[in-house]
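Novice: Give me coordinates for this.
(one chain, ligands or ions: 1)
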Amino acid sequence: MATVMKNSQLKSVPELHSGRACNFGAGPAMLPTEVMMQAQAELMDWQGSGMSVMEISHRSEAFMTIAEQAETDLRELLQIPGNYKVLFLQGGATSQFAMVPLNLLRGKTSADYLHTGMWSQKAIKEASKFCKVNVALSIENNRFTSIPSPDSWQLNPDSAFVYYTGNETVHGVEFQTIPEVGDVPLVTDMTSNLLSRPLDVSRYGVIFAGAQKNLGPSGLVVVIIREDLIGHAGKRIPSMYDYAVHAREHSMFNTPPTFAWYVTGLVLQWVKRTGGIREMERRAIRRSEKLYQFIDASGFYHNPVAAECRSRMNVPFFLTHEGLNQTFIKEAEAHGLTALAGHRNVGGMRASIYNAMPEEGVDRLIEFMGGFEKRYG
Ligand SMILES: *Cc1c(COP(=O)(O)O)cnc(C)c1O
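Specialist: This next block holds a predicted model:
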């Protein structure tokens, strides 16, 4: 008894399904309701196979179909050029903090890093084990609130690569344009904003993203890498950390996270039938502008990030009366608005509004924030 959900059936699923929280968590994050329902419908019996995707071999024809379709859809959505490999790996985005320097140094000894928040800080710390890190830009002194123009960055033309974090999930700082770095390969961590804006992949050496923010469940990291950057890891690098091994084996050197790969595939299909990257971007702009406009107009809430580098995906905000933080979180929870507490390093609040967050969720948040201000302001 195969339960295959048709696109027409999926389209009629309300985005904020009753009984589902309006989840503002940074990750693992909310997934589209349509995707959750499709995964549920197919859970016991994937397309008449009598088995769950969880239960089938990664080398089976069925899983190969799932795996290949996900890659094809990602390539189509991001218009990934033919000279790039797409890898579906484990170890999260954090594994890439080591994998990038281990594979990309190619005989050089240093790499440039842009320090724009907590995630680039972690990448710098890890890379420092393997190479000399040149911090070409640090915005720590403005408390991660603005990115000065590239003329002030101290890029070293002899660096093996330039690394930056496309969207700083904790501090809510996002690059709105691709940094111009000449011929040095550009590497970016887009864990929290991949698929939310059009992207010229050809400007990059490596793009990677942990899946659990905008792509699917945790356990999977997607790596898009230019072919000429593959095959330069030293002989003593563990196989699991060598891009060449994974590229050669089509991400099946060992058992990949099959279920996460499958659900990510469902998300990619959802993005496609919803209107693709342009539509994701249009929605992200609407959601984030609404929220920032509300925060800026209020004297009760504030966001410290400069307008030109504010994140469309993660909106940190602070209550003028910090003593009300716990009350805010508790009452929001009671309104079905969950996981609004800011990152422990930053405090305050943070609304993560990824692709799966319907605009209605932001409307509800704003309505709640307005009411809270009336009651306590
Ligand atoms: C969440 C996040 C990570 C860490 O991802 P893991 O999969 O937990 O390793 C890295 N970079 C950014 C920008 C993130 O948002």
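Novice: Could you double-check that Ser138 sits in contact with His115?
Specialist: Yes: if you go by C-beta atoms under 8 Å, Ser138 and His115 touch, sitting 4.0 Å apart. To be clear about C-beta, it is placed using only N, CA and C from the backbone, and glycine gets the same treatment.
Novice: Between those two, which has more neighbouring residues?
Specialist: The neighbour count for Ser138 versus His115, taken as other C-beta atoms under 10 Å, is higher for His115 (21 against 17).
Novice: Can you read off the pLDDT for that one?
Specialist: Looking at His115, its pLDDT reads 98.
Novice: which residues sit in contact with it?
Specialist: 121, 124, 135, 137-140 (C-beta atoms under 8 Å, 6 or more residues apart in numbering).
Novice: do Leu340 as well
Specialist: Leu340 makes contact with 24, 328-329, 332, 349-351, 365, according to C-beta under 8 Å, 6+ apart.
Novice: Phe97 too?
Specialist: Contacts of Phe97 by C-beta under 8 Å, 6+ apart are 122-123, 125-127.
Novice: what sits up against the strand or helix carrying Arg350?
Specialist: Take DSSP states H and E as the rule and Arg350 turns out to sit in strand 349-352. With contacts defined as C-beta under 8 Å, 6+ apart, strand 349-352 is touched by 24-27, 29, 169-170, 172, 192, 213, 291, 313-319, 325, 328-329, 339-343, 362, 365.
Novice: least trustworthy helix or strand in this structure by mean pLDDT?
Specialist: The weakest-scoring helix or strand in the chain, judged by mean pLDDT, DSSP states H and E, is helix 7-11 (a mean of 67).
Novice: What's the first helix or strand after that helix?
Specialist: Sequence order places strand 22-23 as the next helix or strand after helix 7-11, per DSSP H and E.
Novice: Can you give me the domain boundaries for this structure?
Specialist: Split into domains by automatic domain parsing, the chain comes to 46-272, 276-376.
Novice: hang on, the earlier thing: which one of the contacts of Phe97 is nearest to Tyr164?
Specialist: Nearest to Tyr164 out of those is Ala123 (C-beta to C-beta; 9.1 Å).
Novice: Identify the residue nearest whichever residue of the chain sits closest to the ligand in space, chain neighbours excluded?
Specialist: Proximity to the ligand, evaluated over the chain using C-beta to the nearest ligand atom, is greatest for Gly92 at 2.6 Å. If the residues on either side of it in the chain are set aside, Gly92 comes closest to Gly210, at 4.9 Å by C-beta to C-beta, 6 or more residues apart in numbering.
Novice: who's in contact with that neighbour?
Specialist: With C-beta under 8 Å, 6+ apart, Gly210 has these contacts: 27, 92-94, 191, 218, 220-221.
Novice: go again using 10 Å as the cut-off
Specialist: With contact taken as C-beta atoms under 10 Å, 6 or more residues apart in numbering, Gly210 is in contact with 27-28, 91-96, 169, 189-192, 194, 216, 218-222.
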